[in-house]
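In: everything below, folded, please.
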Amino acid sequence: MSALKRSGFRNPVAAVCLLCCLAGAIAQGVFPASGISIAAVPFFGAYLVIAYRNIARVGWVLLFFSLAIAVLALADGIETRIFTEAAGRIVFLSALLTAAAFLRIAATQDSVVVVAGEFLTLQPPTRRYASLGAGGHLFGVLLNLGGLGVMLEVIMKGLAAHRHEMDDFVYEARKRRMVSACMRGFSSIAFWTPFGIALNLMILTIPGLEWATLAPYGIALAGVLFLLGWLLDTVEWWRPPSARGRAPPLTGDLPGWARWSVLIVAGHVLVLGTAVVALDTATEYSFQTVLITIMPVYALLWLGLRRGIGSIPDTSRRFVAQAPGFATEMSVIASAGFIGLVALQVVPVEWIADHLGWIAARPVMTVVMVIMTVFWTGLLGVHPMISVVLLAEVVNRVGVDGLSPLALGLALAGGWSSIICMGPAITAVVYASSIVGERPMTIGLRWNGIFGLVSILLITLIIGGGVATGLL
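Out: Residues are numbered from 1 along each chain as shown. So this is what the prediction gives:
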(Lines give C-alpha, C1' and ligand atoms only; values in the text may rest on other atoms or scores of the structure.)
Protein backbone atom coordinates (compact mmCIF):
# COMPACT_ATOMS: atom_id res chain seq x y z
CA MET A 1 0.00 0.00 0.00
CA SER A 2 2.85 2.41 0.82
CA ALA A 3 4.39 1.73 -2.58
CA LEU A 4 1.14 2.63 -4.25
CA LYS A 5 0.91 5.82 -2.26
CA ARG A 6 4.46 6.79 -3.19
CA SER A 7 3.74 6.03 -6.83
CA GLY A 8 0.51 7.97 -6.64
CA PHE A 9 2.39 10.96 -5.23
CA ARG A 10 5.36 10.68 -7.56
CA ASN A 11 3.39 10.56 -10.78
CA PRO A 12 1.51 13.89 -10.37
CA VAL A 13 4.67 15.66 -9.21
CA ALA A 14 6.62 14.26 -12.17
CA ALA A 15 3.86 15.42 -14.53
CA VAL A 16 3.83 18.91 -12.99
CA CYS A 17 7.61 19.15 -13.39
CA LEU A 18 7.38 18.32 -17.09
CA LEU A 19 4.53 20.77 -17.61
CA CYS A 20 6.62 23.47 -15.92
CA CYS A 21 9.42 22.75 -18.39
CA LEU A 22 6.95 23.00 -21.28
CA ALA A 23 5.56 26.27 -19.97
CA GLY A 24 9.08 27.60 -19.35
CA ALA A 25 10.20 26.79 -22.89
CA ILE A 26 7.13 28.48 -24.40
CA ALA A 27 7.60 31.54 -22.17
CA GLN A 28 11.28 31.70 -23.11
CA GLY A 29 10.30 31.70 -26.78
CA VAL A 30 7.77 34.46 -26.27
CA PHE A 31 10.12 36.54 -24.08
CA PRO A 32 13.63 35.66 -25.31
CA ALA A 33 15.47 37.97 -22.93
CA SER A 34 13.62 36.85 -19.81
CA GLY A 35 15.85 33.93 -18.80
CA ILE A 36 12.77 31.95 -17.78
CA SER A 37 14.37 28.72 -18.98
CA ILE A 38 16.87 28.91 -16.12
CA ALA A 39 14.01 28.93 -13.63
CA ALA A 40 12.59 25.78 -15.25
CA VAL A 41 15.81 23.73 -14.99
CA PRO A 42 15.27 22.79 -11.30
CA PHE A 43 11.91 21.28 -12.29
CA PHE A 44 13.67 19.08 -14.82
CA GLY A 45 16.18 18.05 -12.18
CA ALA A 46 13.36 17.26 -9.77
CA TYR A 47 11.68 15.16 -12.46
CA LEU A 48 14.82 13.04 -12.92
CA VAL A 49 15.08 12.52 -9.16
CA ILE A 50 11.43 11.49 -8.90
CA ALA A 51 11.57 9.17 -11.92
CA TYR A 52 15.05 7.73 -11.29
CA ARG A 53 13.68 4.17 -11.16
CA ASN A 54 12.57 4.47 -14.78
CA ILE A 55 15.94 5.60 -16.17
CA ALA A 56 17.65 2.86 -18.18
CA ARG A 57 21.41 2.27 -18.19
CA VAL A 58 22.00 4.40 -21.28
CA GLY A 59 20.34 7.32 -19.52
CA TRP A 60 22.53 6.97 -16.43
CA VAL A 61 25.67 6.80 -18.58
CA LEU A 62 24.81 10.04 -20.36
CA LEU A 63 23.82 11.75 -17.11
CA PHE A 64 27.20 10.78 -15.65
CA PHE A 65 29.01 12.20 -18.68
CA SER A 66 26.93 15.38 -18.40
CA LEU A 67 28.09 15.81 -14.82
CA ALA A 68 31.70 15.11 -15.77
CA ILE A 69 31.59 17.61 -18.64
CA ALA A 70 30.01 20.23 -16.35
CA VAL A 71 32.76 19.77 -13.73
CA LEU A 72 35.50 20.02 -16.38
CA ALA A 73 33.90 23.11 -17.86
CA LEU A 74 33.66 24.79 -14.44
CA ALA A 75 37.28 23.94 -13.71
CA ASP A 76 38.20 25.48 -17.05
CA GLY A 77 36.42 28.73 -16.14
CA ILE A 78 33.43 28.44 -18.42
CA GLU A 79 31.35 31.57 -18.98
CA THR A 80 27.97 31.76 -17.27
CA ARG A 81 26.45 32.46 -20.67
CA ILE A 82 27.25 28.91 -21.82
CA PHE A 83 25.39 27.34 -18.91
CA THR A 84 22.47 29.67 -19.62
CA GLU A 85 22.36 28.47 -23.23
CA ALA A 86 22.66 24.86 -22.06
CA ALA A 87 19.79 25.40 -19.63
CA GLY A 88 17.64 26.74 -22.45
CA ARG A 89 18.48 23.74 -24.60
CA ILE A 90 17.68 21.23 -21.84
CA VAL A 91 14.33 22.89 -21.15
CA PHE A 92 13.45 23.09 -24.85
CA LEU A 93 14.31 19.43 -25.54
CA SER A 94 12.36 18.24 -22.49
CA ALA A 95 9.46 20.46 -23.58
CA LEU A 96 9.57 18.97 -27.08
CA LEU A 97 9.31 15.44 -25.67
CA THR A 98 6.52 16.52 -23.31
CA ALA A 99 4.55 18.06 -26.17
CA ALA A 100 5.14 14.91 -28.24
CA ALA A 101 3.86 12.83 -25.31
CA PHE A 102 0.45 14.50 -25.58
CA LEU A 103 0.42 13.75 -29.29
CA ARG A 104 1.37 10.14 -28.57
CA ILE A 105 -1.46 9.76 -26.06
CA ALA A 106 -3.98 11.22 -28.51
CA ALA A 107 -2.83 8.92 -31.30
CA THR A 108 -2.80 5.72 -29.26
CA GLN A 109 -6.30 6.49 -27.95
CA ASP A 110 -7.71 6.84 -31.46
CA SER A 111 -8.96 3.54 -32.88
CA VAL A 112 -8.18 4.81 -36.39
CA VAL A 113 -4.45 4.81 -35.59
CA VAL A 114 -4.62 1.29 -34.15
CA VAL A 115 -6.48 0.03 -37.23
CA ALA A 116 -3.94 1.76 -39.50
CA GLY A 117 -1.08 -0.07 -37.80
CA GLU A 118 -2.83 -3.43 -38.07
CA PHE A 119 -3.76 -2.79 -41.71
CA LEU A 120 -0.12 -2.11 -42.61
CA THR A 121 1.06 -5.22 -40.75
CA LEU A 122 -1.43 -7.57 -42.42
CA GLN A 123 -0.45 -6.69 -45.98
CA PRO A 124 0.64 -9.60 -48.24
CA PRO A 125 4.40 -10.24 -48.66
CA THR A 126 4.58 -8.39 -51.99
CA ARG A 127 3.42 -5.18 -50.31
CA ARG A 128 4.57 -5.80 -46.74
CA TYR A 129 7.95 -4.04 -46.89
CA ALA A 130 6.39 -0.97 -48.49
CA SER A 131 3.54 -0.86 -45.99
CA LEU A 132 5.69 -1.41 -42.89
CA GLY A 133 8.43 0.93 -44.09
CA ALA A 134 5.83 3.61 -44.74
CA GLY A 135 4.17 2.82 -41.40
CA GLY A 136 7.42 3.10 -39.47
CA HIS A 137 8.11 6.42 -41.16
CA LEU A 138 4.59 7.80 -40.79
CA PHE A 139 4.19 6.77 -37.16
CA GLY A 140 7.71 8.02 -36.45
CA VAL A 141 6.89 11.43 -37.88
CA LEU A 142 3.75 11.65 -35.78
CA LEU A 143 4.98 10.03 -32.55
CA ASN A 144 8.80 10.00 -32.82
CA LEU A 145 10.31 7.09 -30.84
CA GLY A 146 6.85 6.28 -29.47
CA GLY A 147 5.64 5.74 -33.04
CA LEU A 148 8.32 3.12 -33.58
CA GLY A 149 7.16 1.45 -30.38
CA VAL A 150 3.52 1.45 -31.49
CA MET A 151 4.37 -0.15 -34.84
CA LEU A 152 6.66 -2.77 -33.30
CA GLU A 153 4.03 -3.64 -30.69
CA VAL A 154 1.45 -4.12 -33.45
CA ILE A 155 3.89 -6.30 -35.41
CA MET A 156 4.70 -8.52 -32.45
CA LYS A 157 1.03 -8.75 -31.50
CA GLY A 158 0.14 -9.88 -35.02
CA LEU A 159 2.93 -12.46 -35.11
CA ALA A 160 1.99 -13.81 -31.68
CA ALA A 161 -1.64 -14.25 -32.76
CA HIS A 162 -0.55 -16.50 -35.63
CA ARG A 163 2.43 -18.14 -33.97
CA HIS A 164 0.74 -21.55 -33.98
CA GLU A 165 0.43 -21.41 -37.78
CA MET A 166 4.19 -20.96 -38.37
CA ASP A 167 7.26 -23.11 -37.78
CA ASP A 168 10.33 -21.55 -36.19
CA PHE A 169 11.97 -20.65 -39.51
CA VAL A 170 8.93 -18.83 -40.84
CA TYR A 171 8.33 -17.03 -37.56
CA GLU A 172 11.92 -15.77 -37.32
CA ALA A 173 12.00 -14.84 -41.01
CA ARG A 174 8.80 -12.82 -40.77
CA LYS A 175 9.89 -11.12 -37.57
CA ARG A 176 13.22 -10.11 -39.05
CA ARG A 177 11.72 -8.84 -42.28
CA MET A 178 8.88 -6.90 -40.67
CA VAL A 179 10.94 -5.35 -37.87
CA SER A 180 13.70 -4.36 -40.29
CA ALA A 181 11.24 -2.71 -42.68
CA CYS A 182 9.69 -0.74 -39.83
CA MET A 183 13.03 0.43 -38.42
CA ARG A 184 14.41 1.44 -41.81
CA GLY A 185 11.31 3.51 -42.48
CA PHE A 186 11.61 5.10 -39.05
CA SER A 187 15.29 5.98 -39.44
CA SER A 188 14.75 8.38 -42.35
CA ILE A 189 12.49 10.76 -40.37
CA ALA A 190 15.70 12.52 -39.28
CA PHE A 191 15.84 14.08 -42.75
CA TRP A 192 12.73 16.22 -42.51
CA THR A 193 10.21 15.83 -39.69
CA PRO A 194 9.67 19.12 -37.83
CA PHE A 195 8.32 17.25 -34.79
CA GLY A 196 11.52 15.34 -33.94
CA ILE A 197 14.77 15.97 -32.13
CA ALA A 198 17.21 15.66 -35.05
CA LEU A 199 16.06 18.53 -37.23
CA ASN A 200 15.25 20.82 -34.32
CA LEU A 201 18.74 20.33 -32.92
CA MET A 202 20.31 21.13 -36.29
CA ILE A 203 18.20 24.27 -36.66
CA LEU A 204 19.39 25.36 -33.21
CA THR A 205 23.02 24.66 -34.10
CA ILE A 206 23.48 25.69 -37.75
CA PRO A 207 23.06 29.44 -38.42
CA GLY A 208 20.83 30.13 -41.40
CA LEU A 209 19.28 26.66 -41.62
CA GLU A 210 15.49 26.72 -42.02
CA TRP A 211 13.06 23.82 -42.02
CA ALA A 212 11.15 25.05 -45.08
CA THR A 213 14.38 25.04 -47.10
CA LEU A 214 15.64 21.66 -45.95
CA ALA A 215 12.38 19.68 -45.90
CA PRO A 216 11.90 19.16 -49.67
CA TYR A 217 15.44 17.81 -50.05
CA GLY A 218 15.06 15.74 -46.89
CA ILE A 219 11.83 14.16 -48.12
CA ALA A 220 13.51 13.30 -51.43
CA LEU A 221 16.44 11.64 -49.63
CA ALA A 222 14.04 9.75 -47.37
CA GLY A 223 12.36 8.48 -50.53
CA VAL A 224 15.70 7.33 -51.92
CA LEU A 225 16.44 5.37 -48.73
CA PHE A 226 12.96 3.86 -48.86
CA LEU A 227 13.63 2.55 -52.37
CA LEU A 228 17.05 1.28 -51.30
CA GLY A 229 15.54 -0.63 -48.39
CA TRP A 230 12.86 -2.12 -50.63
CA LEU A 231 15.51 -3.22 -53.15
CA LEU A 232 17.69 -4.86 -50.50
CA ASP A 233 14.67 -6.57 -48.98
CA THR A 234 13.62 -7.89 -52.39
CA VAL A 235 17.09 -9.26 -53.09
CA GLU A 236 17.47 -10.85 -49.64
CA TRP A 237 14.00 -12.42 -49.71
CA TRP A 238 13.87 -13.30 -53.40
CA ARG A 239 12.19 -16.56 -52.39
CA PRO A 240 10.37 -15.78 -49.13
CA PRO A 241 8.87 -18.53 -46.94
CA SER A 242 5.46 -17.99 -48.57
CA ALA A 243 6.93 -18.88 -51.98
CA ARG A 244 8.24 -22.13 -50.50
CA GLY A 245 4.81 -23.14 -49.28
CA ARG A 246 5.83 -22.77 -45.65
CA ALA A 247 4.04 -19.57 -44.66
CA PRO A 248 0.26 -19.08 -44.65
CA PRO A 249 -0.85 -15.46 -45.14
CA LEU A 250 -1.54 -13.40 -42.04
CA THR A 251 -5.22 -12.65 -41.55
CA GLY A 252 -7.11 -10.30 -39.31
CA ASP A 253 -10.62 -9.03 -38.64
CA LEU A 254 -10.35 -5.44 -39.84
CA PRO A 255 -13.25 -3.05 -40.56
CA GLY A 256 -14.11 -2.19 -44.14
CA TRP A 257 -12.70 1.32 -43.78
CA ALA A 258 -9.27 0.06 -42.69
CA ARG A 259 -7.54 1.14 -45.91
CA TRP A 260 -8.70 4.72 -45.31
CA SER A 261 -7.22 4.77 -41.82
CA VAL A 262 -3.70 5.14 -43.23
CA LEU A 263 -4.77 8.22 -45.19
CA ILE A 264 -6.36 9.67 -42.05
CA VAL A 265 -3.12 9.24 -40.08
CA ALA A 266 -1.19 10.82 -42.96
CA GLY A 267 -3.71 13.63 -42.90
CA HIS A 268 -2.93 14.33 -39.23
CA VAL A 269 0.75 14.67 -40.09
CA LEU A 270 -0.06 17.00 -42.99
CA VAL A 271 -2.51 19.18 -41.05
CA LEU A 272 -0.25 19.47 -38.01
CA GLY A 273 2.78 20.29 -40.14
CA THR A 274 0.84 22.86 -42.14
CA ALA A 275 -0.42 24.52 -38.96
CA VAL A 276 3.10 24.80 -37.54
CA VAL A 277 4.57 26.22 -40.75
CA ALA A 278 1.67 28.66 -41.21
CA LEU A 279 1.95 30.03 -37.68
CA ASP A 280 5.72 30.19 -37.93
CA THR A 281 5.33 32.32 -41.05
CA ALA A 282 2.51 34.47 -39.70
CA THR A 283 3.99 35.24 -36.27
CA GLU A 284 7.25 36.66 -34.97
CA TYR A 285 7.95 33.63 -32.81
CA SER A 286 10.54 30.97 -33.62
CA PHE A 287 9.72 27.69 -35.32
CA GLN A 288 10.55 25.78 -32.12
CA THR A 289 8.27 27.94 -29.96
CA VAL A 290 5.36 27.50 -32.36
CA LEU A 291 6.01 23.76 -32.56
CA ILE A 292 5.93 23.01 -28.82
CA THR A 293 2.86 25.22 -28.42
CA ILE A 294 0.84 23.70 -31.25
CA MET A 295 1.55 20.01 -30.59
CA PRO A 296 -0.27 19.66 -27.22
CA VAL A 297 -3.08 21.95 -28.40
CA TYR A 298 -3.57 19.84 -31.51
CA ALA A 299 -3.52 16.65 -29.42
CA LEU A 300 -6.28 17.94 -27.14
CA LEU A 301 -8.36 19.12 -30.11
CA TRP A 302 -7.85 15.74 -31.77
CA LEU A 303 -9.18 13.87 -28.76
CA GLY A 304 -11.93 16.40 -28.13
CA LEU A 305 -13.28 16.05 -31.66
CA ARG A 306 -12.93 12.27 -31.74
CA ARG A 307 -14.10 11.36 -28.25
CA GLY A 308 -15.77 14.48 -26.88
CA ILE A 309 -14.67 17.12 -24.40
CA GLY A 310 -15.04 14.60 -21.59
CA SER A 311 -11.97 12.75 -22.90
CA ILE A 312 -9.62 15.61 -22.00
CA PRO A 313 -9.60 14.83 -18.23
CA ASP A 314 -8.87 11.21 -19.17
CA THR A 315 -5.94 12.43 -21.27
CA SER A 316 -4.61 14.34 -18.27
CA ARG A 317 -4.84 11.23 -16.12
CA ARG A 318 -3.00 9.21 -18.74
CA PHE A 319 -0.26 11.83 -18.96
CA VAL A 320 0.14 11.76 -15.18
CA ALA A 321 0.26 7.96 -15.16
CA GLN A 322 2.84 7.83 -17.94
CA ALA A 323 5.01 10.80 -16.90
CA PRO A 324 7.71 8.84 -15.00
CA GLY A 325 7.97 6.42 -17.93
CA PHE A 326 9.48 9.14 -20.11
CA ALA A 327 12.56 9.30 -17.89
CA THR A 328 14.94 7.40 -20.18
CA GLU A 329 14.02 9.48 -23.22
CA MET A 330 14.28 12.69 -21.18
CA SER A 331 17.65 11.81 -19.67
CA VAL A 332 19.16 10.69 -22.98
CA ILE A 333 17.93 13.62 -25.06
CA ALA A 334 18.60 16.33 -22.48
CA SER A 335 22.04 14.92 -21.59
CA ALA A 336 23.09 14.67 -25.20
CA GLY A 337 21.94 18.24 -25.85
CA PHE A 338 23.82 19.48 -22.78
CA ILE A 339 27.00 17.58 -23.60
CA GLY A 340 26.96 18.70 -27.21
CA LEU A 341 26.90 22.37 -26.18
CA VAL A 342 29.07 22.43 -23.04
CA ALA A 343 31.65 20.04 -24.50
CA LEU A 344 32.49 22.80 -26.97
CA GLN A 345 34.09 24.60 -24.03
CA VAL A 346 36.11 21.55 -22.96
CA VAL A 347 37.06 20.03 -26.29
CA PRO A 348 39.77 22.13 -28.02
CA VAL A 349 37.46 23.20 -30.83
CA GLU A 350 39.68 26.11 -31.84
CA TRP A 351 42.70 23.79 -32.02
CA ILE A 352 40.72 21.30 -34.08
CA ALA A 353 39.45 24.07 -36.35
CA ASP A 354 42.99 25.40 -36.82
CA HIS A 355 44.27 21.95 -37.78
CA LEU A 356 41.32 21.42 -40.11
CA GLY A 357 41.78 24.73 -41.81
CA TRP A 358 42.67 22.92 -45.02
CA ILE A 359 39.00 21.94 -45.43
CA ALA A 360 37.99 25.60 -45.73
CA ALA A 361 38.38 25.39 -49.50
CA ARG A 362 37.10 21.80 -49.80
CA PRO A 363 33.31 21.72 -49.27
CA VAL A 364 32.91 18.27 -50.85
CA MET A 365 35.58 16.77 -48.60
CA THR A 366 33.91 18.48 -45.63
CA VAL A 367 30.48 16.93 -46.18
CA VAL A 368 32.06 13.50 -46.71
CA MET A 369 33.97 13.82 -43.42
CA VAL A 370 30.89 15.06 -41.58
CA ILE A 371 28.67 12.21 -42.80
CA MET A 372 31.26 9.53 -42.05
CA THR A 373 32.13 10.95 -38.63
CA VAL A 374 28.51 10.97 -37.45
CA PHE A 375 28.08 7.43 -38.78
CA TRP A 376 31.24 5.82 -37.35
CA THR A 377 31.10 7.57 -33.96
CA GLY A 378 27.47 6.45 -33.72
CA LEU A 379 28.55 2.90 -34.44
CA LEU A 380 30.98 3.22 -31.51
CA GLY A 381 28.17 4.35 -29.21
CA VAL A 382 28.35 8.17 -29.42
CA HIS A 383 24.82 9.50 -29.77
CA PRO A 384 24.36 11.56 -32.97
CA MET A 385 23.04 14.43 -30.87
CA ILE A 386 26.54 14.91 -29.48
CA SER A 387 28.53 14.45 -32.69
CA VAL A 388 26.13 16.63 -34.70
CA VAL A 389 26.54 19.63 -32.38
CA LEU A 390 30.32 19.30 -32.15
CA LEU A 391 30.79 18.85 -35.90
CA ALA A 392 28.47 21.72 -36.77
CA GLU A 393 30.39 24.03 -34.44
CA VAL A 394 33.78 23.00 -35.83
CA VAL A 395 32.61 23.51 -39.42
CA ASN A 396 31.06 26.87 -38.52
CA ARG A 397 34.32 28.06 -36.94
CA VAL A 398 36.43 26.87 -39.86
CA GLY A 399 34.15 28.67 -42.32
CA VAL A 400 34.07 26.39 -45.34
CA ASP A 401 33.74 28.32 -48.59
CA GLY A 402 30.91 27.06 -50.80
CA LEU A 403 29.25 24.99 -48.06
CA SER A 404 25.68 26.15 -47.50
CA PRO A 405 23.69 25.62 -44.27
CA LEU A 406 21.43 23.34 -46.34
CA ALA A 407 24.31 21.07 -47.41
CA LEU A 408 25.70 20.90 -43.87
CA GLY A 409 22.26 20.10 -42.45
CA LEU A 410 21.65 17.32 -45.00
CA ALA A 411 25.11 15.86 -44.33
CA LEU A 412 24.51 15.72 -40.58
CA ALA A 413 21.00 14.31 -41.10
CA GLY A 414 22.42 11.73 -43.50
CA GLY A 415 24.87 10.37 -40.95
CA TRP A 416 22.17 10.42 -38.28
CA SER A 417 19.64 8.59 -40.46
CA SER A 418 22.04 5.83 -41.54
CA ILE A 419 23.20 4.93 -38.04
CA ILE A 420 19.86 5.19 -36.24
CA CYS A 421 18.68 1.68 -37.18
CA MET A 422 22.15 0.08 -37.13
CA GLY A 423 24.13 1.22 -34.08
CA PRO A 424 23.76 -1.34 -31.25
CA ALA A 425 24.08 1.41 -28.63
CA ILE A 426 21.68 3.83 -30.34
CA THR A 427 18.48 4.50 -28.39
CA ALA A 428 16.11 3.36 -31.17
CA VAL A 429 17.86 -0.01 -31.53
CA VAL A 430 17.97 -0.60 -27.76
CA TYR A 431 14.30 0.38 -27.51
CA ALA A 432 13.34 -1.98 -30.35
CA SER A 433 15.36 -4.75 -28.72
CA SER A 434 13.26 -4.57 -25.56
CA ILE A 435 10.03 -4.88 -27.57
CA VAL A 436 11.09 -7.50 -30.10
CA GLY A 437 13.06 -9.68 -27.68
CA GLU A 438 16.29 -9.74 -29.71
CA ARG A 439 19.76 -8.49 -28.81
CA PRO A 440 20.66 -4.96 -30.04
CA MET A 441 23.61 -6.46 -31.94
CA THR A 442 21.20 -8.74 -33.80
CA ILE A 443 18.74 -6.00 -34.75
CA GLY A 444 21.37 -3.38 -35.52
CA LEU A 445 24.29 -5.15 -37.19
CA ARG A 446 22.89 -8.46 -38.35
CA TRP A 447 19.49 -7.34 -39.63
CA ASN A 448 20.29 -3.78 -40.74
CA GLY A 449 24.06 -3.69 -41.12
CA ILE A 450 24.16 -3.99 -44.91
CA PHE A 451 21.37 -1.43 -45.28
CA GLY A 452 23.25 1.01 -43.03
CA LEU A 453 26.53 0.65 -44.92
CA VAL A 454 24.97 0.93 -48.37
CA SER A 455 22.78 3.86 -47.29
CA ILE A 456 25.74 5.85 -45.92
CA LEU A 457 27.64 5.37 -49.16
CA LEU A 458 24.61 6.39 -51.23
CA ILE A 459 23.91 9.45 -49.09
CA THR A 460 27.57 10.48 -49.28
CA LEU A 461 27.49 10.17 -53.07
CA ILE A 462 24.27 12.18 -53.44
CA ILE A 463 25.11 15.02 -51.02
CA GLY A 464 28.76 15.18 -52.07
CA GLY A 465 27.68 15.27 -55.72
CA GLY A 466 25.15 17.98 -54.96
CA VAL A 467 27.81 20.16 -53.33
CA ALA A 468 30.30 19.47 -56.15
CA THR A 469 27.81 20.51 -58.85
CA GLY A 470 26.52 23.51 -56.90
CA LEU A 471 23.01 22.12 -56.46
CA LEU A 472 23.25 22.22 -52.64
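In: distance of Leu22 relative to Val91?
Out: Note on Leu22: its distance to Val91, by Cβ to Cβ, to the nearest Å, is 9 Å. The C-beta positions use only the backbone N, C-alpha and C, and glycine is treated the same way.
In: before we move on, what about Leu120?
Out: Distance from Leu120 to Val91, by Cβ to Cβ: 36 Å.
In: what's the burial count for Val467?
Out: By other Cβ atoms under 10 Å, 26 other residues sit near Val467.
In: check which helix or strand covers it.
Out: Following DSSP states H and E, the helix or strand that holds Val467 is helix 448-468.
In: looking at Leu22 and Val91, which one has more neighbours?
Out: For Leu22 versus Val91, neighbours defined as other Cβ under 10 Å are more numerous around Val91 (29 against 26).
In: verify the stated contact: that one with Pro42.
Out: No - between Val91 and Pro42 there is no contact under Cβ atoms under 8 Å: 10.5 Å.
In: show me what secondary structure element comes after the least confident helix or strand in the chain by mean pLDDT.
Out: In the chain, no helix or strand scores lower on mean pLDDT, DSSP states H and E than helix 349-355, which sits at a mean of 67. Going down the chain from helix 349-355, the next helix or strand is helix 363-379, by DSSP H and E.
In: contacts for that next one next, please.
Out: Residues from elsewhere that reach helix 363-379, judged by Cβ atoms under 8 Å, 6 or more residues apart in numbering: 359, 384, 387-388, 391, 395, 400-403, 407-408, 411-412, 414-416, 418-420, 422-423, 426, 452, 456, 459-460, 463-464, 467-468.
In: same question for stretch 439-447.
Out: Outside stretch 439-447, the residues that reach it (Cβ under 8 Å, 6+ apart) are 176, 179-180, 183, 421-426, 429-430, 432-433, 436.
In: so Ala14 sits against Pro324, correct?
Out: Yes - judged on Cβ under 8 Å, Ala14 makes contact with Pro324 at a distance of 4.9 Å.
In: what do those two both touch?
Out: Taking Cβ under 8 Å, 6+ apart as the criterion, Ala14 and Pro324 both touch Ile50, Ala51.
In: these two - which one has more neighbours?
Out: Neighbour count, other Cβ under 10 Å: between Ala14 and Pro324, Ala14 has more, with 25 against 22.
In: rewinding a little: and the helix holding Val467, what does it pack onto?
Out: For helix 448-468, the packing partners by 3 or more Cβ pairs under 8 Å, 6 or more residues apart in numbering; DSSP states H and E come out as helix 168-187, helix 211-236, helix 363-379, helix 405-419.
In: quick one on the thing from earlier: looking at the contacts of stretch 439-447, which are in helices?
Out: When these are checked against helices (DSSP state H), the matches are Arg176, Val179, Ser180, Met183, Val429, Val430, Ala432, Ser433, Val436.
In: out of the residues you listed, grab the one that's most surrounded.
Out: Within the ones in helices among the contacts of stretch 439-447, most neighbours by other Cβ under 10 Å means Met183, with 29 neighbours.
In: quick check: it touching Val430?
Out: No - applying Cβ under 8 Å, one finds Met183 not in contact with Val430, separated by 12.0 Å.
In: going through the contacts of helix 363-379, which ones are buried?
Out: With burial judged by 16 or more other Cβ atoms under 10 Å, the buried subset of those is 359, 384, 387-388, 391, 395, 400, 403, 407-408, 411-412, 414-416, 418-420, 422-423, 426, 452, 456, 459-460, 463-464, 467.
In: so what's Gly273 up against?
Out: Applying Cβ under 8 Å, 6+ apart to Gly273 gives the contacts Pro194, Phe195.
In: whoops, Ser180 was the one
Out: Residues in contact with Ser180 (Cβ under 8 Å, 6+ apart) are Asp233, Cys421, Trp447, Asn448, Phe451.
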